[in-house]
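# Build me a model:
(2 chains, ligands or ions: 1)
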Amino acid sequence: MNVSPTPNSFRNGPDERGHFGMHGGRFVAETLMPLIHELEAAYNDAKKDPAFKREMTHHLKHYVGRPSPIYFAERLTEEIGGAKIYLKREDLNHTGAHKVNNVLGQIMLARRMGKKRIIAETGAGMHGVATATLCAKFGLECIVYMGAVDIERQRPNMMRMNALGAKVVPVTSGSSTLKDAMNEALRDWVTNVGSTFYCIGTVAGPHPYPAMVRDFQCVIGDEVRVQMQEAEGRLPDSLIACIGGGSNAMGLFHPFLDDASVEIYGVEAAGHGLDKLHAASIAGGRPGVLHGNRTYLLMDKDGQIEEAHSISAGLDYPGIGPEHAWLHDVGRVNFLSATDDEAVEAFQQLCRIEGIIPALESAHALAKVPEIAAKKPKDHLMVVNLSGRGDKDLDSVAARLGGKI
Amino acid sequence: MTTRIDTRLADLKAQGRAALVTFLTAGDPDPKLSLEILRALPKAGADMIELGMPFTDPMADGPAIQASSQRALKGGATLAKTLDMVRTFRKDEAATPIILMGYYNPIYIYGVDKFLADAKDAGVDGLIVVDLPPEEDEELCLPALKAGLNFIRLATPTTDDKRLPAVLANTSGFVYYVSITGITGTAKPDANAVAKAVARIKGHTKLPVAVGFGVRTAEDARAIASKADGVVVGSALIDALKGTLDAEGRGNGKTVSAVTSLVSSLAEGVRSARSA
Ligand SMILES: Cc1ncc(COP(=O)(O)O)c(C=O)c1O
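Residues are numbered from 1 along each chain as shown, chains lettered A, B, ... in the order given. Sure, this is the predicted structure:
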């Protein structure tokens, strides 16, 4: 780790080689390395430039619609009967999820670097939609790789991307889901490295992506600090978010990592159950190397990557961002998991009693709220990250409930 | 330390010709045929052999090698079985170098020290691990050099003069110049651009330079062999193999000869390069 002015901080990582403890790093083909150094330099430069920050702030406010509210979920709180539950409403952002915060940052960086062709991978399609949206806004070519299976279960998002002028490329290799879409995006990048910016959708990939995506998502937690101060006059006592790669979670958690009083929970997708098919890399995986970084991965005993399963396409990834892997190793974040059934139940509950349709991804975080919140006193302040809205998931939920919704 | 790779390349240099390096995936299309192909390669004209370690997620490979990995994994391929295959090959072939090529995760999970000891013991001479750039040398490159295995690094069109010294620093055996920016088995290299690149690399190192990615025919091989110390052919051989498979991906009596006859023709191309 870097030697830092604030010793014992959880917020100093990664070191200059991109390591969070044993995780992270830069495990990519030589063709990409020169560009990765160029990207790192461009990002470091942008971070120091007040004009970059000003422009970001402007677009976050006027285009994305930030700050997103925190909402006191009064009826949910009543029903659970414990902690006071607040929802951070990332579902109210333009494009309907937290993904847009990161995409805005990366697209501004791509513009700075003079790149006109943008590629992305997407699972649920929310990252693809965000990328297609900002490419449309700034007049950039946009190609989105999406697993054929995910295209089937997230049709509305594919149609949104098409409408926004992006080219959606179906990926049929491997398990035809997010991991394979990422392989295909990396293949495109290796081939078109000179002209192309790869906009990664979560806090994973080779350094500097995990740190850069985190920085762009920290707007979530930074706002929560201010908003809880306004609403309650103090910091929250606990934070909870779902984890696919972990970008919405990292954005909420990171600004609070050094606040020892704040309990932090990340919820992975337990799919059919942790002893069956699932997508919980920390609960059911071990450290390995894939997609440019070392982290917890689902794999067999020979190091072959296993297919992940979750009802939510956005959590259906066999890995997790390397900073989360480290926060697990050092014990700062508690990792839990929720099954498909639990997520669907939480989805219905929020629809029914709060009039909010959450993304199935976010529903995984909501699914763990009752068991944690019920044990807490009434003055415990809990913030749940509502990472996105659930319109895209109505078909999946209907199918699960036997066609009736 | 002198390895089989060093010896073979020095011999060929004395003969005034480039090396033909052929690639196959261990266990493709099944363990038995794969071993037969491996054993037939030296006689067919392969000077060095790259043996692919199958991986579920070969990010830098095109469709041919991806599918070849999938076939091998479906047939039960593991890293331990790949090493066994080399051990069997070495029983009656002492001179032809074997280079294992693949991705880091299966090696990492096998255990780096155990892998290096077992690979050395099986008769492996060098390693190419696509997703380990010099920035991650401590993972495998430095331990491999200590264990007496060559660590062969890829240089690419994006590796500029500023970066080349870092790429070459811990490289041994030879430098593998990737003639295109892209994945295996796609674009065709431009012989003039390759000649320039080889000259540029040779300005930085005394190591031999082999060139691969996109070489398909005897004609391509001849063109590259007149500029470089070695020519690597992979996807074209895998396509030849695949051409013999039935709908379920099973091989037959023609599988081995489909590969060896292409190797023979490539070898002729390589051998005629300097005399042409
Ligand atoms: C609404 C929503 N939440 C969460 C995720 C998971 O991503 P991450 O774990 O990076 O936040 C996705 C991914 O598609 C998503 O669309």
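# gap between residue A:14 and the ligand?
Noted for residue A:14: a distance of 17 Å to the ligand, by C-beta to the nearest ligand atom, to the nearest Å. In short, each C-beta sits where N, CA and C put it, glycine included.
# Next, the contact list for residue A:390, please.
For residue A:390, the contacting residues are A:91, A:347, A:351, A:357-360, A:362-363, A:397, by C-beta atoms under 8 Å, 6 or more residues apart in numbering or on different chains.
# If you could redo that for residue B:42, that was the one I meant.
B:49, B:93, B:95-96.
# State the helix or strand in which it lies.
Taking DSSP states H and E as the criterion, residue B:42 maps to helix B:31-44.
# hang on, residue A:376 packs against residue A:382?
Yes - taking C-beta atoms under 8 Å as the definition, residue A:376 is a contact partner of residue A:382 at 7.1 Å.
# Those two: which is more packed in?
Set residue A:376 next to residue A:382 and count neighbours by other C-beta atoms under 10 Å in any protein chain shown: residue A:382 wins out with 24 against 19.
# Over to the more buried one: give its phi and psi.
phi -120, psi 130 (degrees, to the nearest 10).
# Residue B:111 too?
Per degrees, to the nearest 10, the backbone of residue B:111 is at phi 110, psi 120.
# List the contacts of it.
No contacts exist for residue B:111 under C-beta under 8 Å, 6+ apart.
# For residue B:238, see how far away it is.
29 Å (C-beta to C-beta, to the nearest Å).
# same question, residue A:169
Counting by C-beta to C-beta - residue A:169 and residue B:238 are separated by 23 Å.
# Over to residue B:43?
20 Å.
# Read off the pLDDT value for residue B:275.
The score at residue B:275 is 56. That number is its pLDDT.
# try residue A:311
94.
# Can you report how many residues lie near it?
Under the criterion other C-beta under 10 Å, the count of neighbours that residue A:311 has is 26.
# quick one: contacts for it?
A:269, A:271, A:340, A:343-344, A:360, A:396, A:400.
# near chain B, from these?
By C-beta under 8 Å from any C-beta of the partner chain, no member of the contacts of residue A:311 lies near chain B.
# Chain B contacts on chain A?
A:17, A:25-35, A:173-174, A:179-180, A:183, A:186-187, A:190-194, A:288-292, A:297, A:299, A:301-305.
# Give me the PyMOL select line for those, limited to the buried ones.
Buried members of those, defined by 16 or more other C-beta atoms under 10 Å in any protein chain shown, are picked up in PyMOL with:
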select buried, chain A and resi 25+26+27+28+29+30+31+32+33+34+35+173+174+179+180+183+186+187+190+191+193+288+289+290+291+292+297+299+302+303+304+305
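# By proximity to the ligand, which residue of the stretch 51-200 of chain B wins?
Closest contact between the stretch 51-200 of chain B and the ligand, by C-beta to the nearest ligand atom, is at residue B:57 (19.1 Å).
# and the gap between that residue and residue A:143?
Distance from residue B:57 to residue A:143, by C-beta to C-beta: 20 Å.
# Residue A:11 too?
34 Å.
# Kindly report the same for residue B:153.
30 Å.
# These two - which one has more neighbours?
Neighbours were counted for residue B:153 and for residue A:143 using other C-beta under 10 Å; residue B:153 has more, 27 against 20.
# any chance you could map the helices in the stretch 101-250 of chain B?
Here the stretch 101-250 of chain B has its helices, by DSSP state H, counting those that start in this stretch, at B:104-110, B:112-122, B:141-146, B:164-169, B:191-202, B:218-225, B:235-242.
# What sits closest to the closest residue to chain A within the stretch 51-200 of chain B if chain neighbours are left out?
Using C-beta to the nearest C-beta, the closest approach of the stretch 51-200 of chain B to chain A is made by residue B:109 at 3.2 Å. In space, and not counting its chain neighbours, residue B:109 is closest to residue A:303: 3.2 Å by C-beta to C-beta, 6 or more residues apart in numbering or on different chains.
# ok, residue 27 - contacts?
Let's take chain A. Here residue A:27 is in contact with A:206, A:289-290, A:292-294, B:104, B:131-133, B:136 (C-beta under 8 Å, 6+ apart).
# sorry, should have said chain B
Contacts of residue B:27 by C-beta under 8 Å, 6+ apart are B:34, B:54, B:71-73, B:75-77, B:81-82, B:85.
# Got a quick ChimeraX command for the buried subset of those?
Command for ChimeraX that selects the buried part of those, burial taken from 16+ other C-beta under 10 Å:
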select /B:34,54,71,72,73,75,77,81,82,85
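# Tabulate the contacts of residue B:27 in TSV, adding columns for distance to the ligand, pLDDT and secondary structure.
Shown next, in TSV, are the contacts of residue B:27 (distance: C-beta to the nearest ligand atom, whole Å; pLDDT from 0 to 100; DSSP: H, G, I helix; E, B strand; the rest coil):
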residue	distance to the ligand	pLDDT	secondary structure
B:34	39	98	helix
B:54	29	98	coil
B:71	32	97	helix
B:72	32	98	helix
B:73	28	98	helix
B:75	35	97	coil
B:76	34	98	coil
B:77	32	98	coil
B:81	36	98	helix
B:82	35	98	helix
B:85	40	98	helix
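# which residues are contacting whichever strand or helix holds residue A:146?
If you go by DSSP H and E, residue A:146 is part of strand A:141-147. The contact list for strand A:141-147, computed with C-beta under 8 Å, 6+ apart, reads A:116-123, A:125, A:128, A:131-132, A:135-136, A:154, A:158, A:161, A:164-171, A:175-178, A:180-182, A:184-185, A:188.
# Now, of those, which are buried?
A:117-123, A:125, A:128, A:131-132, A:135, A:154, A:158, A:161, A:164, A:166, A:168-171, A:175-178, A:180-182, A:184-185, A:188.
# Residue most distant from the centroid, chain B?
In chain B, the greatest distance from the average C-alpha position (C-alpha atoms, centre = their mean) is reached by residue B:247, at 27.7 Å.
# what stretches of the stretch 1-150 of chain A score poorly on pLDDT?
Residue ranges of the stretch 1-150 of chain A with pLDDT under 70: A:1-6.
# how about the strands in it?
For the stretch 1-150 of chain A, the strands defined by DSSP state E, counting those that start in this stretch occupy A:19-20, A:23-27, A:70-72, A:84-89, A:117-122, A:141-147.
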